[in-house]
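[1] I would like to see how this sequence folds:
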Amino acid sequence: MREADRTTRQRLADALRAEPATPSELAARFDLTPHAVIGHVEHVSRSVDGDEQLLVAPPTCRDCEFDDFDDLVNLPSRCPSCKSESVAEPTFTIE
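    From the prediction side, this is the model:
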């Protein structure tokens, strides 16, 4: 199948099979917004093959290292622990 014939979600899944990536990295690569990537990744997580799974390294506060966010597939604006706005994005991969 040609690259142009593949859906955005298929191309995102292939990229995540190749290497881990953050929403911003995927957004830049596929000309999407990071929030659009989150929506696509949520759908991809439900549609990966039975022998595969979507793995998520959670968002992490760069100041206090808090990483116990309620929603791992999200772009938090600030840390609930120290209120810092320096929060690293989650990282996704398919294995």
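[2] Check whether residue 77 really touches residue 85, as I assumed.
    Yes - between residue 77 and residue 85 there is a contact at 6.5 Å, judged by CB atoms under 8 Å. Placement of C-beta: from N, CA and C, glycine included.
[3] neighbour count winner among those two?
    Neighbours per residue (other CB atoms under 10 Å) separate residue 77 from residue 85, with residue 85 holding more: 11 against 7.
[4] which residues does that one contact?
    Under the criterion of CB atoms under 8 Å, 6 or more residues apart in numbering, the neighbours of residue 85 are 77, 78, 79.
[5] what does stretch 7-17 contact?
    The contact list for stretch 7-17 (CB under 8 Å, 6+ apart) reads 3, 6, 21, 26, 29-30, 32, 37, 40-41, 43-44, 47-48, 52, 54, 92-94.
[6] on that earlier part again, out of the contacts of residue 85, the closest to residue 59 would be?
    residue 79 (8.9 Å; CB to CB).
[7] Grab the nearest non-local neighbour of the closest one.
    Spatial nearest neighbour of residue 79, chain neighbours left out: residue 61 (3.9 Å); criterion: CB to CB, 6 or more residues apart in numbering.
[8] so what pLDDT did the one you found get?
    Looking at residue 61, its pLDDT is 97.
[9] and residue 87, how many residues sit next to it?
    Neighbourhood size, residue 87 [other CB under 10 Å]: 20.
[10] is it in a bridge, and if so with what?
    With DSSP bridges applied, residue 87 shows beta-bridge pairing to residue 61.
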